[in-house]
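Student: Using only what follows, build the 3D model:
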Amino acid sequence: MSWRGIAGTPWLGLWPSGGRFGHDGAVTTATTGVLRVLSSRDLVQAQRVIEVDPVAHCFVSSRVRISHLDSWRMGGEMWGWSEDGVLTSLLYLGANLVPVQTTPEARRAFAERCRRMGRRCSSIVGPDDEVLDLWSMLADAWGPAREIRGNQPLLRIDEDPVVAGDPAVRQVRTSEIDLLMPACVAMFTEEVGVSPLAGGAAEAYRARVAELVRHGRAYARIDDGRVVFKAEIGAVSDGVCQVQGVWVAPEYRGLGLAAPGMSTVVQLARRDHARVVSLYVNDFNTVARRVYERVGFVDAGAFATVLF
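Tutor: Numbers count the residues shown, from 1 in each chain. You can find the predicted model right below:
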């Protein structure tokens, strides 16, 4: 989704705290804060904000890494909040809305501008306190949410797993994309509650899966032509990567495939992509949390997700 039209809109009007929208789209408050759409000239400052917590901000870092804050290449816009001329907070606006190191005042400014625009994302996701505070200011304008997951432990591992790996888990080949697709669709539907193919999105979703496979970021155990375990590396930044889409075929659950499979994924990810591997998991998924603990993941914070 491109947000270029928003960046160029001459926003004028009073800010609730006494601020004003400028002709360049920036917002200046009655204090010292300024909200504006970032561009490549802000790259170094934005990276400094992200580097405060590289594990929590791996996804946004990955988008910045490949785009250098170019909205078209990033698949969204990056808003920045500056205080006394220093960039302190970011908000990524794409298919997801993702806060990065947002201060309370930045969140108020971001929320007000989001309210004026209307909702264009499918979820809000990120550090739990930031996401839930943003949502408290957006709920009456954007609600109702389809689901709110307020506690999703963020985990990391930066050493070899403590569980032996499954030698049958390997990178998925490009010739196996059609084998992988049903497993990806099943996992997404289970996790999110809607099919990723709904609303005419089948082609785009398949392209995303194919992209992960081409970049060596999709791993699976394939037995007799069927995926029985899989996981992907959804984001890669400098030094950190994030696992997504961990899934075991229903009839193979309880057979001990998950921990060895994840162990191999961690080993290969640390070899091929980044030395620190992270993921976040629903707090109610106690089975998955036990698997990750067995593999050697440790707590690194907490996320929250608001799904629409």
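
Student: Which helix or strand in this protein has the lowest average pLDDT?
Tutor: helix 4-7 (a mean of 30; mean pLDDT, DSSP states H and E).

Student: State the distance from Met181 to Glu232.
Tutor: Separation of Met181 from Glu232 (Cβ to Cβ, to the nearest Å): 12 Å. The way it works is simple: take the backbone N, C-alpha and C, and place the C-beta from them, glycine included.

Student: What average pLDDT does stretch 47-56 get?
Tutor: Averaging pLDDT along stretch 47-56 yields 98.

Student: ends of it, how far apart?
Tutor: 13 Å (Cα to Cα, to the nearest Å).

Student: Could you check how far that stretch is from the centre of its chain?
Tutor: Here stretch 47-56 is found 14 Å from its chain centre; the criterion is Cα atoms, centre = their mean, to the nearest Å.

Student: So which bits of stretch 41-48 are buried?
Tutor: For stretch 41-48, the neighbour count (16 or more other Cβ atoms under 10 Å) marks Asp42, Leu43, Ala46, Gln47 as buried.

Student: The first one and Ala168, how far apart?
Tutor: Between Asp42 and Ala168 the distance is 46 Å, computed by Cβ to Cβ.

Student: cool, the last one as well?
Tutor: Gln47 sits at a distance of 39 Å from Ala168 (criterion: Cβ to Cβ).

Student: Domain ranges for the chain, per the record?
Tutor: Domains of the chain are assigned by automatic domain parsing as 4-144, 157-298.

Student: and Pro196, which of the three is it?
Tutor: Put simply, Pro196 is coil when judged by DSSP: H, G, I helix; E, B strand; the rest coil.

Student: who's in contact with it?
Tutor: Applying Cβ atoms under 8 Å, 6 or more residues apart in numbering, we find Pro196 in contact with Cys184, Val185, Phe188, Thr189, Tyr205.

Student: From the residues you listed, which land in helices?
Tutor: Cys184, Val185, Phe188, Thr189, Tyr205 (DSSP state H).

Student: Now the nearest residue to the fourth one once chain neighbours are set aside: phi and psi?
Tutor: Closest residue to Thr189 apart from its sequence neighbours, by Cβ to Cβ, 6 or more residues apart in numbering: Ser195 at 5.0 Å. For Ser195, the backbone dihedrals are phi -70, psi 140 (criterion: degrees, to the nearest 10).

Student: swap in Leu179?
Tutor: Dihedral angles of Leu179 (phi, psi; degrees, to the nearest 10) stand at phi -70, psi -40.

Student: now Leu307
Tutor: phi -100, psi 140.

Student: What's opposite Ser89 in the beta bridge?
Tutor: Trp81 (DSSP bridges).

Student: quick one, what contacts the spatially most central residue of the chain?
Tutor: By Cα atoms, centre = their mean, the chain has its centre lying nearest to Phe59, at 4.6 Å. Shown in contact with Phe59 (Cβ under 8 Å, 6+ apart): Asn96, Val98, Gly234, Ala235, Gln242.

Student: Which of the contacts of Pro196 sits closest to His273?
Tutor: Closest approach to His273 among these (Cβ to Cβ): Cys184, at 18.9 Å.

Student: ranges for the strands of this structure?
Tutor: 20-21, 27-28, 33-37, 77-83, 86-93, 96-100, 123-127, 147-157, 170-171, 218-223, 226-236, 240-248, 276-280, 298-307 (DSSP state E).

Student: Could you identify which of those is most buried?
Tutor: Mean neighbours per residue, mean count of other Cβ atoms under 10 Å, is largest over those for strand 276-280, with a mean of 25.

Student: contacting residues around it?
Tutor: Defining contact as Cβ under 8 Å, 6+ apart, one finds that strand 276-280 is touched by 54-55, 58, 152-158, 239-244, 246, 265-266, 269-270, 292, 297, 300, 303.

Student: and that strand with strand 298-307, angle?
Tutor: 40 degrees (axes from the mean of the first three to the mean of the last three Cα atoms, to 10 degrees).
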